[in-house]
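Student: Generate coordinates for the sequence data below:
(chains A, B and C)
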Amino acid sequence: MIGLFTDFGPGGPYVGQVKARIWERLPRLPVVDLMHDAPRFDPRPGAYLLAALAPELPAGSVLLCVVDPGVGTAARRPVVVHAAGRWFVGPDNGLLHVVAQRGGAPRRWEILWRPARLSASFHGRDLFAPVAVALFAGEPLELAERPWTGAELEQWPADLPEVVYLDHYGNAMTGLRAAALAPGSALAVAGRLLVRARTFGEVPPGRPFWYENANGLAELALNGGSVAQVLGLRVGDPVRVVPAAA
Amino acid sequence: MIGLFTDFGPGGPYVGQVKARIWERLPRLPVVDLMHDAPRFDPRPGAYLLAALAPELPAGSVLLCVVDPGVGTAARRPVVVHAAGRWFVGPDNGLLHVVAQRGGAPRRWEILWRPARLSASFHGRDLFAPVAVALFAGEPLELAERPWTGAELEQWPADLPEVVYLDHYGNAMTGLRAAALAPGSALAVAGRLLVRARTFGEVPPGRPFWYENANGLAELALNGGSVAQVLGLRVGDPVRVVPAAA
Amino acid sequence: MIGLFTDFGPGGPYVGQVKARIWERLPRLPVVDLMHDAPRFDPRPGAYLLAALAPELPAGSVLLCVVDPGVGTAARRPVVVHAAGRWFVGPDNGLLHVVAQRGGAPRRWEILWRPARLSASFHGRDLFAPVAVALFAGEPLELAERPWTGAELEQWPADLPEVVYLDHYGNAMTGLRAAALAPGSALAVAGRLLVRARTFGEVPPGRPFWYENANGLAELALNGGSVAQVLGLRVGDPVRVVPAAA
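Tutor: As a prediction, this is how the structure comes out:
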């Protein structure tokens, strides 16, 4: 299947134009909206979200990824990445960086092919959608391999100690994998220390906690309410790991 | 077809993960987003919305239903309900209660089967999606029938005299079926008395009214504007039925 | 394929009911959500958006279009329009007007057929969805041709010098086609003069500009932020074209 991971927003005119381009060629293909409210204007928080969500699509899937403030500029190259058995198509601005870090032997190719019509601002529709279709259908594509250097891959931390996403309930996902935290760790955020729980119903209503969410990330939450509202959280807020007392 | 009725919110990362799980197994199956902005944290308003929307899917459909604040706790059991010719999969927290009340001879089964991976917080993806697929495909499932008692079925009122949903236009759906109201009834809400109209264009702009919406619910509305904003309405606000003067 | 262009809002209960009606009849058909957050209560801005988006669906597609404040009133007739190789189904309230203006030899038919169940407020589901299916499937339909008069077609301007849509990034689309503006034109809005750029990354962060968006419209934008917020823009705000100095 093809998955879409974007900051296009829900309801608006961008997602449909991408799907129309895909379904023109592959009308029976399931296209999964992995996320359309990734943080805007900055690919970094999205990179950690994408890496957490990508395993939910079956191996062999193609993920079309767009958080692309540099669209249409010469410095920002369009790329295909192969990592962890999946294909990723998107801008080479860091959005695919964490997926590559965690993907074993990741490979990267610059997309040299250009469509007959290429708008300056909507490469998701004009460039990435037809490339995703070609990858899925196994069609030839004009690509040039651009191997990752170690320095590139170490440019961003393995885990990001920040709030990377506020969901519809007001829960705050962090860029930290719960499995990377020592048992008993607490998380300090906005002047509060949050201890770990297993799930919402185990915590009295109104008390902030953190838990391992269903995609493996440490997530700040509140039973029956919005932790983002109660603690005044925003994407980018720092989160500090506090090891268990000895 | 399979329908999704959730409080996951639009745009976010949850709906897609559920669809990926369904389409992995049934890639050609239409999956309908019945609603993803059901009121959060409380299954009661959603129960009346679900009962109003469910008839829109063809008989034989499977509805995956999630408003599930108790997810991952022992007290909250996962169930399958059959009512009015449709299957419902979700938490046994009241969300499926009104559907069962109205369903003739409703049946209920506890889901004993557990998937290899069961997160503490996302049973929509890990448990309900594969169960919905199994029901749709007619595959065997480990279930144990748990018949409803009369007391359970009478626990919640047949109609709920409250605002249960504010839509994108600012219209306010109530938990009252219009057909259950005596002809000429008015509705009192937020200190105002609203009389009935047939549709928006029949009422002068700016004057609140109520009408039978396309799903049979009494809905508070305003021609050309948001009744929720004008009257300051919120989900849970009481609505009083005022019979026609004799 | 069938495309949906509505003001139903994202996440809510209306889009799914329309798709259920389509997929009951054509379960394998791709249905594209072209836009569900068209401006409410007024078909005029939507008419210019629809005309910009429609070419993104392949020739032969059927577009189901709903911005329909007059739904259920006698004055507002349901129509089918054929223009530019595509079919449009919706209310005859101006929403299809710009599509017809630009469509070469547009044709219009009033829909005389009525379904067994026709709610007063949801013709998208009850009337337009089955008509869209019939058009797509080539089934007979009770229609009566209502040719456009020249006066009707000239009633609305070819281009609308107003903000017609604010997107998820805070960019402001206008009803002006960029190709209709003289080279070097600036746009005056909210007391500011915006010059043209090719794409976001070419402009220093924080400075408002305008560019030709990927659907051919002149769009007001800001690199790395929301021009709507910075300039306090709303749908309907006037935009003035300022020709290049001689």
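Student: Might you enumerate the residues of chain A proximal to chain B?
Tutor: A:1, A:3, A:9-11, A:28, A:30, A:32-37, A:49, A:53, A:56-58, A:165, A:167-169, A:198-202, A:211-215, A:223-225 (Cβ under 8 Å from any Cβ of the partner chain). All C-beta spots, glycine's among them, are computed from the backbone N, C-alpha and C.
Student: what's around the closest residue in space to A:Asn213 that isn't next to it in sequence, how many residues?
Tutor: If the residues on either side of it in the chain are set aside, A:Asn213 comes closest to A:Glu219, at 4.0 Å by Cβ to Cβ, 6 or more residues apart in numbering or on different chains. When neighbours are defined as other Cβ atoms under 10 Å in any protein chain shown, A:Glu219 has 25 of them.
Student: and A:Glu219, bridged to which residues?
Tutor: A:Met173, A:Tyr211 (DSSP bridges).
Student: Show the contacting residues for it.
Tutor: By Cβ atoms under 8 Å, 6 or more residues apart in numbering or on different chains, the residues touching A:Glu219 are A:171-174, A:210-213.
Student: on that earlier part again, next step: the residues of chain A next to chain B restricted to strands.
Tutor: A:3, A:32-35, A:165, A:211-212 (DSSP state E).
Student: Low-confidence ranges, chain A, go.
Tutor: A:246 (pLDDT under 70).
Student: So which residues on it come close to chain C?
Tutor: A:7-17, A:19-21, A:23-24, A:27-28, A:37, A:40-41, A:69-73, A:75-76, A:119-122, A:125-126.
Student: Counting neighbours, what do you get for the residue lying closest to A:Asn215 once chain neighbours are set aside?
Tutor: Take A:Asn215 and drop its neighbours on the chain: the residue closest to it by Cβ to Cβ, 6+ apart is A:Ala52, 4.1 Å away. Neighbour count of A:Ala52, defined by other Cβ under 10 Å: 23.
Student: what about A:Ala52, distance to chain C?
Tutor: In this view, A:Ala52 and chain C are 22 Å apart by Cβ to the nearest Cβ, to the nearest Å.
Student: hmm, back to that, buried ones among the residues of chain A next to chain B?
Tutor: Listed as buried from the residues of chain A next to chain B are A:1, A:3, A:9-11, A:30, A:32-37, A:49, A:53, A:56-57, A:165, A:167-169, A:199-201, A:211-215, A:223-225; burial here means 16 or more other Cβ atoms under 10 Å in any protein chain shown.
Student: Would you show me how to pick out the buried ones of the residues of chain A next to chain C in ChimeraX?
Tutor: Isolation of the buried members of those (16+ other Cβ under 10 Å) is achieved in ChimeraX through the command below:
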select /A:7,8,9,10,11,12,13,14,15,16,17,19,20,21,23,24,37,40,69,70,71,72,76,119,120,121,122,125,126
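Student: Show only the entries of the residues of chain A next to chain C found in helices.
Tutor: Within those, residues falling in helices by DSSP state H are A:14-17, A:19-21, A:23-24.
Student: Check those residues and tell me the two furthest apart.
Tutor: Pairwise distances across these (Cβ to Cβ) peak at 16.4 Å, for the pair A:Tyr14 and A:Glu24.
Student: Show me what residue of chain A gets nearest to chain B.
Tutor: At 2.4 Å from chain B, A:His168 is the closest residue in chain A, using Cβ to the nearest Cβ.
Student: Now that residue: closest residue in space, sequence neighbours ignored.
Tutor: B:Gly9 (2.4 Å).
Student: now A:Pro58
Tutor: Using Cβ to Cβ, 6+ apart, the closest residue to A:Pro58 is B:Glu24 (5.5 Å).
Student: again, but for A:Pro205
Tutor: A:Gly224 (4.2 Å).
Student: now swap in A:Gly201 and tell me
Tutor: The shortest distance from A:Gly201 to any residue other than its chain neighbours is 3.6 Å, reached at B:Thr73 (Cβ to Cβ, 6+ apart).
Student: tell me the contacts of the one you found?
Tutor: Contacts of B:Thr73 (Cβ under 8 Å, 6+ apart): A:199, A:201-202.
Student: Starting from C:His97, give me the distance back to A:Leu160.
Tutor: According to Cβ to Cβ, to the nearest Å, A:Leu160 stands 50 Å off from C:His97.
Student: cool, and A:Arg76?
Tutor: 39 Å.
Student: Equivalent analysis for A:Pro45, please.
Tutor: 42 Å.
Student: buried set for stretch A:177-194?
Tutor: A:177-178, A:181, A:185-187, A:189-190, A:194.
Student: Could you give the separation of that stretch from the chain centroid?
Tutor: A distance of 21 Å separates the centroid of the chain from that of stretch A:177-194, by Cα atoms, centre = their mean, to the nearest Å.
Student: where along chain A do the helices fall?
Tutor: Counting by DSSP H, the helices of chain A are A:14-25, A:43-53, A:97-101, A:123, A:129-137, A:150-153, A:227-231.
Student: mind listing what the residue positioned nearest the centre of chain A touches?
Tutor: Among the residues of chain A, A:Leu50 comes closest to the average C-alpha position under Cα atoms, centre = their mean, at 2.1 Å. With Cβ under 8 Å, 6+ apart as the criterion, the residues that contact A:Leu50 are A:5, A:38, A:63, A:65, A:88, A:95-96, A:98-99.
Student: at 10 Å what do you get?
Tutor: Taking Cβ atoms under 10 Å, 6 or more residues apart in numbering or on different chains, we find A:Leu50 in contact with A:3, A:5, A:34-35, A:38, A:43, A:63, A:65, A:67, A:88, A:90, A:95-99.
Student: picking up where we left off before, can you tell me which of the ones in helices among the residues of chain A next to chain C lies closest to C:Ala137?
Tutor: Ranked by distance to C:Ala137 (Cβ to Cβ), those are led by A:Trp23 at 17.7 Å.
Student: What are the phi and psi values at the closest residue to the closest one other than its chain neighbours?
Tutor: Distances taken as Cβ to Cβ, 6+ apart put C:Pro30 closest to A:Trp23, at 4.0 Å, once the chain neighbours are dropped. Here is the backbone geometry of C:Pro30 (degrees, to the nearest 10): phi -70, psi 130.
Student: pretty sure C:Pro30 is in contact with A:Ile22, am I right?
Tutor: Yes: judged on Cβ atoms under 10 Å, C:Pro30 makes contact with A:Ile22 at a distance of 8.8 Å.
Student: residues shared between the contacts of those two?
Tutor: What both C:Pro30 and A:Ile22 touch, as defined by Cβ under 10 Å, 6+ apart, is the set A:29, A:31.
Student: Identify each buried residue in stretch A:99-106, please.
Tutor: Of the residues in stretch A:99-106, A:99-103, A:106 count as buried by neighbour count, 16+ other Cβ under 10 Å.
Student: Now the two most distant members of these.
Tutor: A:Arg102 and A:Pro106 (8.5 Å).
Student: any shared contact partners between the two?
Tutor: Counting by Cβ under 10 Å, 6+ apart, the residues touching both A:Arg102 and A:Pro106 are A:83-84.
Student: A:Gln229 and A:Pro208, how far apart?
Tutor: A:Gln229 is 11 Å from A:Pro208, by Cβ to Cβ.
Student: These two: which has the busier surroundings?
Tutor: Ranked by neighbour count (other Cβ under 10 Å), A:Gln229 and A:Pro208 place A:Pro208 first, with 22 against 11.
Student: right, and the more buried one touches A:Val230 too?
Tutor: Yes: at 6.5 Å, A:Pro208 and A:Val230 qualify as touching, with contact defined as Cβ under 10 Å.
Student: Report the set of residues contacting both of these two.
Tutor: Common neighbours of A:Pro208 and A:Val230 (Cβ under 10 Å, 6+ apart) are A:190, A:192, A:220, A:222.
Student: Mind putting the residues you listed into TSV with distance to B:Pro130?
Tutor: Converted to TSV, the shared contacts of A:Pro208 and A:Val230 look like this (distance: Cβ to Cβ, whole Å):
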residue	distance to B:Pro130
A:Ala190	38
A:Arg192	37
A:Leu220	29
A:Leu222	29
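Student: Just flag the most distant two among the residues you listed.
Tutor: Between any two of those, the greatest separation by Cβ to Cβ is 12.4 Å, found for A:Ala190 and A:Leu222.
Student: Nothing else from me, thank you.
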